[in-house]
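Student: sharing a model prediction with you, sequence too.
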Amino acid sequence: MQNWLRTNRGFIVFLLLFGLFRTAIADWNPIPSGSMHPNLLEGDVVFVNRLAYDLKLPLTNISVAHLGDPRRGDIVTFFSPKDGMRLIKRVIALPGDRVEMRAKRLTINGQPLHYKEQSATLEAVNDSMILPAIRLEESQRGEHHVVQWLDGVHQADDYGPLTVPPGQYLMLGDNRDNSADSRYIGLVPRNLLIGRAERILVSAAITDNWTPRPERFGKSLY
């Protein structure tokens, strides 16, 4: 055993440093579902900046330094407060914000968000169901992104009103009618945040024999 450790010590050190890098500095996150359509697709792999908000002890959720705060519109990876699953959603409301959703439309701190229709499309909800969908630009005070609503789906169209407590965040998927987000799992405490997703590293169409999608390589998420 000692001989094996001596022979492979360089590789072992590399693995340890790589593990520390991934758990404290930067990471990547494969996208497994359609909850962030149309901005993130199944088969995208996104770069996650783990130093965007906190410096944490490797392999823990213990913060040793506060480096920044999430902003509305950030796409964030985090651990679900419901079951610990790793998720990726968009920050919609910050601590102290009063938020309400009525008929899918959001109001934050008394200011309705603006919605501008962009296009109509079809969304494969599962292997046997395809529904019409509409894509809209959702914007408020200079922050804007595209969201998607499914025609005829009316689950969790209404939410709140709710004032977000200190140290917690409201997360929603961009694919509003097909996302297990804060409407279902609850608000997300800051200590469960992993990092900010910043760009797509690589992408492949998982339903088309993993055909690469080079037009998405390196694409910024902001």
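Tutor: Thanks, I have the structure now.
Student: going by C-alpha atoms from here, please, whenever you check contacts or count neighbours.
Tutor: OK.
Student: helix or strand right after the host helix or strand of Leu131?
Tutor: Using DSSP states H and E, Leu131 falls within strand 129-140. Tracing the chain past strand 129-140, the next element assigned as helix or strand by DSSP H and E is strand 143-150.
Student: list the buried residues for that next one?
Tutor: Judged by neighbour count (16 or more other C-alpha atoms under 10 Å), strand 143-150 contains these buried residues: 144, 146-150.
Student: can you name the next helix or strand after that strand?
Tutor: Moving toward the C-terminus from strand 143-150, the next helix or strand (DSSP H and E) is strand 159-163.
Student: would you map the helices across the protein?
Tutor: Along the chain, the stretches classed as helices by DSSP state H are 2-7, 9-24, 182-185.
Student: what residues of the last one count as buried?
Tutor: Buried residues in helix 182-185, defined by neighbour count with 16+ other C-alpha under 10 Å: 182-183.
Student: who touches that helix?
Tutor: 80-82, 156, 159, 170-172, 188 (C-alpha atoms under 8 Å, 6 or more residues apart in numbering).
Student: which of the residues you listed has the most neighbours?
Tutor: Met171 (27 neighbours; other C-alpha atoms under 10 Å).
Student: pLDDT score for that residue?
Tutor: Met171 carries a pLDDT value of 98.
Student: Leu40 too?
Tutor: pLDDT for Leu40: 98.
Student: so who does it touch?
Tutor: Contacts for Leu40 (C-alpha under 8 Å, 6+ apart) come out as 31, 34.
Student: cool, and Ser63?
Tutor: Counting by C-alpha under 8 Å, 6+ apart, Ser63 touches 54-57, 191.
Student: among the helices of the chain, show the one with the smallest mean pLDDT.
Tutor: Mean pLDDT is lowest for helix 9-24 among the helices of the chain, at a mean of 48.
Student: re earlier: what strands line up against the strand holding Leu131, and which way round?
Tutor: According to DSSP bridges, strand 129-140 forms sheet pairs with strand 114-126 (antiparallel), strand 143-150 (antiparallel).
Student: now it - C-alpha only, CSV.
Tutor: Output of strand 129-140 as CSV, limited to C-alpha atoms (Å, rounded to 0.1, in the frame of the first residue of the first chain):
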residue,chain,number,x,y,z
MET,A,129,-47.5,15.0,-24.6
ILE,A,130,-46.7,18.1,-26.6
LEU,A,131,-48.3,21.4,-25.6
PRO,A,132,-48.5,24.8,-27.3
ALA,A,133,-46.3,27.4,-25.4
ILE,A,134,-45.8,31.1,-25.5
ARG,A,135,-42.5,32.8,-24.8
LEU,A,136,-42.4,36.3,-23.3
GLU,A,137,-39.8,38.8,-22.2
GLU,A,138,-40.2,39.4,-18.4
SER,A,139,-38.7,42.7,-17.2
GLN,A,140,-38.4,45.1,-14.4
